[in-house]
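> The sequence isn't on hand, but the structure is:
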């Protein structure tokens, strides 16, 4: 038995030694070359990977080449680091100068180290123009069906404008709509309103306003409808004319002019469309609808969509203006407007904070050491619950952005005020951002809420600190939140009546006390020597308050200013004189200049905008509406960087 045991041990050792010897003799060599797509539209990058048969003992350079050589560009070598088995490299495909025609091109990517391996992919040829139009129409039908299941928030802000003899433009009045869209019912919408208690109005109801010396009716659903090219886009109703290729951000587009045919129905789109060249979705369209019997006037607009989900493009922005009413629409005032869409992922917003309040302790405390709550602690917990319930509701319906990076930027400013003033506030101060345009800030318990529009127009950090100091003062002075919101049944009401059911405004005495305390906080802060611009902002706000009544009208809190006065009037009074023609004096920024909203998840980020030198004082545009020019990007697809599949189109045509 002992002999047999010795034999088997020896045999195992010999086999192991032979295996080690074979491994030592095996050369490190290239095992494979792979690419991450099967097909690609020219101009898009492809990622390649080289893999060795075993980890490199030293840095190894794998030689690369493309076949045909001019079909794609690859680096001459790719380095596999010591201890690694693989490395990645980028393949650049040529940008086709053709928008239509041509043939698919097969490309081979070769790698060599000891042995040669290769991988293949196809560069798709531009499709025929007529075939492309068919695909655009098929994708647009799919888009319309998709929108019938979407219920985003839609916000439209309109500024009536006046042009002087020197062609300088300035606002003279404004209008505002906010509602949740229902594209299944021709873009009808329930409006969020504060001044119509116990009544829900719809976007089909006109909102009346006076501009200059005449009355104008703006119909809100007209602006929401600008997200759609056509409710029933049919090829036989239009002429299509190829214009050129053009990039919108990272997206290469085919630009096409579109005109209704002579016998087509009235009210169809007339203008230009930008079609992304991968799946043939419309990314942008610019023009107007032709007249029909339902509406007296149709307005010019520039409508943008973004790739919010893989293969799905949804409306995000619409800019509209009429600056030649004498020629286009007699009786219609000159105006500019911005429409924004957000809150597409309604269910996701409801569950963003799910499980975040659950705490799991790894240690079980002895019951004798457990701590009961004092009456004060219980009171604070009750107030915090009311605060959290209100914040959760505003986030679930899409008015409040989820906590994120922009909140933390504002939180830093608040912390600077707290630390330098040695404030001890329990529970901690939080900062959140309301997604709407009108300028407002308020507190919900110990949470400071600032609107996106207000953050956008504030010219510098000191101005932001000034606004935040007023709200921080409310908390430091112990101004309370009505704890009725601790009962969740208080939120069982339709979304459009939110502004009627939720009110966080303060009385005049509290507002005056908060101003006094805010001055104290600012004078002991790092911002005390930089309040001149903050005062200029208040002066500009007061000057525009008579004209831009809807921009400066709050939904949930107190006004930041009026034609009679502003918050922190002392800072206003001590500021320099406003000089409209002084190009160096920036009192307030145009709307939409700082924060970018992810329309799917409502998450915020700061815009990546480089500073631009002003050419004249007219380019300062405080509080003004400007066109949109978003940098479009594409979400990554799983295994295809190419055209929408032909079988889907053929199936749709047969139907």
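Everything's here; your move. Please read all numbers here as calculations on a predicted model, not as lab measurements.

> Check which residues of stretch 498-512 are buried.
Neighbour counts over stretch 498-512 (16 or more other Cβ atoms under 10 Å) mark 498-500, 502, 504, 506, 510-511 as buried. The way it works is simple: take the backbone N, C-alpha and C, and place the C-beta from them, glycine included.

> got it, and stretch 410-421?
410-411, 413-414, 416-418, 420-421.

> and these, which of them are in helices?
410-411, 413-414, 416-418, 420 (DSSP state H).

> Verify the contact between residue 89 and residue 80 for me.
No. The pair residue 89 and residue 80 does not pass the contact test of Cβ atoms under 8 Å, sitting 10.6 Å apart.

> more neighbours, these two?
Per other Cβ atoms under 10 Å, whichever of residue 89 and residue 80 has more neighbours is residue 80, with 23 against 19.

> The more buried one bridge partners, please.
Here residue 80 sits in beta bridges with residue 60, as judged by DSSP bridges.

> and it, what does it touch?
50, 52, 56, 59-62, 86-87 (Cβ atoms under 8 Å, 6 or more residues apart in numbering).

> Drop anything exposed from those.
Counted by 16+ other Cβ under 10 Å, the contacts of residue 80 give 50, 52, 56, 60, 62, 86-87 as buried.

> of all the residues you listed, which comes closest to residue 469?
Closest approach to residue 469 among those (Cβ to Cβ): residue 87, at 53.2 Å.

> secondary structure class for residue 275?
Classification of residue 275 by DSSP: H, G, I helix; E, B strand; the rest coil places it in strand.

> What distance separates the opening and closing residues of stretch 552-560?
7 Å (Cα to Cα, to the nearest Å).

> outside of it, which residues touch it?
With contact meaning Cβ under 8 Å, 6+ apart, stretch 552-560 is reached by 176, 192, 194, 434, 436, 438-443, 449, 454, 467, 499, 502-506, 511, 541, 544-545, 561-562, 566-567.

> So residue 159 versus residue 541, what's the distance?
15 Å (Cβ to Cβ, to the nearest Å).

> how deep is residue 479 tucked in, by neighbour count?
18.

> Nearest residue to it in space, please, no chain neighbours.
The shortest distance from residue 479 to any non-neighbouring residue, by Cβ to Cβ, 6 or more residues apart in numbering, is to residue 510 (5.2 Å).

> helix or strand right after the helix or strand harbouring the one you found?
Using DSSP states H and E, the element containing residue 510 is helix 508-523. Next along the chain after helix 508-523, taking DSSP H and E as the criterion, comes helix 532-544.

> Check which element follows that next one along the chain.
Toward the C-terminus, helix 532-544 is succeeded by helix 569-574 as the next helix or strand (DSSP H and E).

> count of neighbours near the residue lying closest to residue 513 once chain neighbours are set aside?
Excluding the flanking residues, the one nearest residue 513 by Cβ to Cβ, 6+ apart is residue 477, at 5.8 Å. Residue 477 has 13 neighbouring residues, counting by other Cβ under 10 Å.

> same check, this time on residue 118
Neighbourhood size, residue 118 [other Cβ under 10 Å]: 16.
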